[in-house]
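just the structure for this:
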Amino acid sequence: MKNAKKITVTYLFEGKIYPTENTPGLLLSGDKVFVTDEGLSVYKATPTSDPNVYCVNLDDNSHDYLKNSGPVMYAIGAC
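Residues are numbered from 1 along each chain as shown. Below you'll find the predicted structure:
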C-alpha cells in the first residue's frame, strides 16, 4: 500500500452531502477508499474537484468491499 494517499471522504446520501459526516480515509489502488468511521470499510469513490477529497455515493452503491470478502488484503487490492 505504498501508493495509499490520505484524503477526506464525503458521503452522498439521499441526494445530499452532509459536511459534518466527512471522514478521513486512504485512497487505495483504483477507485477504492478505506475508512474507519464506523468500523473498517472499503467503498468505491469518485474524485471531486479537490484532489484531496473523494465522494462515496451511497445512493448508487453502498457496497462495503470488506464485508464477506475474504482476506482484507484482497478487498483493498493489495494482492
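
only C-alpha atoms for contact and neighbour calcs from this point on.
OK.

could you list the low-pLDDT ranges of the protein?
1-2, 68-79 (pLDDT under 70).

all helices of it, in order?
72-75 (DSSP state H).

flag every buried residue along the strand ranked longest in it.
Longest strand in the chain, counting residues (DSSP state E): strand 5-13. Neighbour-count burial for strand 5-13, counted by 16 or more other Cα atoms under 10 Å, picks out 7-12.

just the closest of these to T20, please.
T10 (9.1 Å; Cα to Cα).

middle-most residue in this structure, spatially?
Geometric centre of the chain, nearest residue: V33, 2.8 Å, by Cα atoms, centre = their mean.

for that one, give its distance to P47.
11 Å (Cα to Cα, to the nearest Å).

and D60, by the same measure?
15 Å.

again with S29
13 Å.

quick revisit: turn the buried residues of strand 5-13 into JSON lines, columns for distance to V56.
Output for the buried residues of strand 5-13, formatted as JSON lines (distance: Cα to Cα, whole Å):
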{"residue": "I7", "distance to V56": "12"}
{"residue": "T8", "distance to V56": "11"}
{"residue": "V9", "distance to V56": "7"}
{"residue": "T10", "distance to V56": "6"}
{"residue": "Y11", "distance to V56": "5"}
{"residue": "L12", "distance to V56": "6"}
